[in-house]
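>>> give me coordinates for this.
(one chain, ligands or ions: 1)
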Amino acid sequence: MTGTDTVNNDELRDLYRELILDHARNPRHFGKLDSATHTAEGINPLCGDKLKLYLQVDKDATIRDARFEGLGCAISVASASLLTDAIQDVDVQRAHSFVEQVTESLSGTKGHGIDTNDDRLAKLKALEGVREFPARIKCATLAWRALGSALDRDETPVSTE
Ligand code: ZN
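The predicted structure is shown next:
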């Protein structure tokens with residue numbers, strides 16, 4: 001590909017759909033992390049999605065590893081998989097800004113959406129497809145809410161309800 005201007009919207013949408021399906025079928029960084037320094041649980045009662053997020057944060061406030069466990073629909077699993085991919089070796093402050101951008105973009109409170117100039121965020125643009133399906137937005141934001149809670153060291157499980 002030479003640039004996004006050569007790809008039309010339908011093609012882009014198909015690429016995003018494939019990316020979501022790929023992450024749902026083969027979740028990255030799936031499993032427990034014994035060396036975790038931060039954890040958070042999230043539940044989405046409406047859909048039945050349930051996940052636990054593990055972070056290993058270094059003394060220099062960098063996320064050295066991130067993994068997740070849980071059961072949920074394709075969207076929630078793909079979102080958690082994309083999340084754990086995006087925050088590897090990212091500092092805590094930047095991870096906080098990812099949480100803000102993704103949750104604001106998906107819930108539609110921020111018009112311009114995810115910043116694709118940031119290479120870590122570009123793939124997350126695929127999640128914006130759920131905006132067309134309001135019932136699934138909570139599935140997509142669940143892992144991100146859990147990440148915010150883990151970073152804040154809030155032990156209360158996150159619920160979308
Ligand atoms: Zn779901």
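>>> how about the strands in this structure?
Per DSSP state E, the chain carries strands over the ranges 38-44, 49-57, 62-71, 90-91, 158-159.
>>> can you point out the buried residues in stretch 139-154?
For stretch 139-154, a neighbour-count test (16 or more other C-beta atoms under 10 Å) marks 139-151 as buried. Backbone N, C-alpha and C define where each C-beta goes, glycine included.
>>> can you put these in CSV and add pLDDT and distance to the ion?
Formatted as CSV, those follow (pLDDT from 0 to 100; distance: C-beta to the ion, whole Å):
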residue, pLDDT, distance to the ion
Cys139, 95, 3
Ala140, 95, 8
Thr141, 96, 10
Leu142, 97, 7
Ala143, 98, 11
Trp144, 97, 13
Arg145, 96, 13
Ala146, 97, 13
Leu147, 98, 17
Gly148, 97, 18
Ser149, 96, 18
Ala150, 97, 20
Leu151, 95, 23
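>>> with distance to Leu33 as extra columns, can I get those residues in a markdown table?
Putting these into a markdown table (distance: C-beta to C-beta, whole Å) gives the following:
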| residue | distance to Leu33 |
| --- | --- |
| Cys139 | 23 |
| Ala140 | 22 |
| Thr141 | 22 |
| Leu142 | 18 |
| Ala143 | 15 |
| Trp144 | 18 |
| Arg145 | 19 |
| Ala146 | 14 |
| Leu147 | 14 |
| Gly148 | 18 |
| Ser149 | 16 |
| Ala150 | 11 |
| Leu151 | 15 |
